[in-house]
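Engineer: here's a sequence, model it:
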Amino acid sequence: MTAAVGDSSFEDLLTDLAASFINVEADALDGHIQSALRRIVLFLGIDRATVGRFDDASRP
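Structural biologist: Next up, the predicted model:
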């Protein structure tokens with residue numbers, strides 16, 4: 001089952017995930033991001049997700 005963007009349970013998931021990052025130690029951050037992304041993927045019922053970083057400093 002795929003959740004609608006306006007679904008309150010999706011909002012609850014995002015709220016829970018955001019709160020869970022408050023006291024994460026720097027050395028545990030990568031693992032915590034992976035765990036959070038896994039929860040989002042499972043909730044949405046999709047195969048995979050990716051997080052990327054864009055650096056404006058590398059732009060001409």
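
Engineer: give me the distance between N23 and G45.
Structural biologist: Per Cβ to Cβ, to the nearest Å, N23 is found 30 Å from G45. The way it works is simple: take the backbone N, C-alpha and C, and place the C-beta from them, glycine included.

Engineer: in the chain, which residue is most central in space?
Structural biologist: L37 (4.1 Å; Cα atoms, centre = their mean).

Engineer: so how far is the helix or strand it falls within off the chain centroid?
Structural biologist: Following DSSP states H and E, one finds L37 within helix 29-44. From the chain centre to the centre of helix 29-44 is a distance of 5 Å (Cα atoms, centre = their mean, to the nearest Å).

Engineer: and stretch 11-27, by the same measure?
Structural biologist: 9 Å.

Engineer: measure it end to end?
Structural biologist: End-to-end distance of stretch 11-27 (Cα to Cα, to the nearest Å): 27 Å.

Engineer: quick check: buried residues in it?
Structural biologist: L13, L17 (16 or more other Cβ atoms under 10 Å).

Engineer: quick one: average pLDDT of that stretch?
Structural biologist: The average pLDDT within stretch 11-27 is 96.

Engineer: touching that stretch from outside, list them.
Structural biologist: By Cβ atoms under 8 Å, 6 or more residues apart in numbering, the residues outside stretch 11-27 that reach it are H32, A36, R39, I40, F43.

Engineer: in a markdown table, list these along with pLDDT and neighbour count.
Structural biologist: Shown next, in a markdown table, are the contacts of stretch 11-27 (pLDDT from 0 to 100; neighbours: other Cβ atoms under 10 Å):
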| residue | pLDDT | neighbour count |
| --- | --- | --- |
| H32 | 96 | 14 |
| A36 | 96 | 19 |
| R39 | 95 | 15 |
| I40 | 95 | 15 |
| F43 | 94 | 18 |
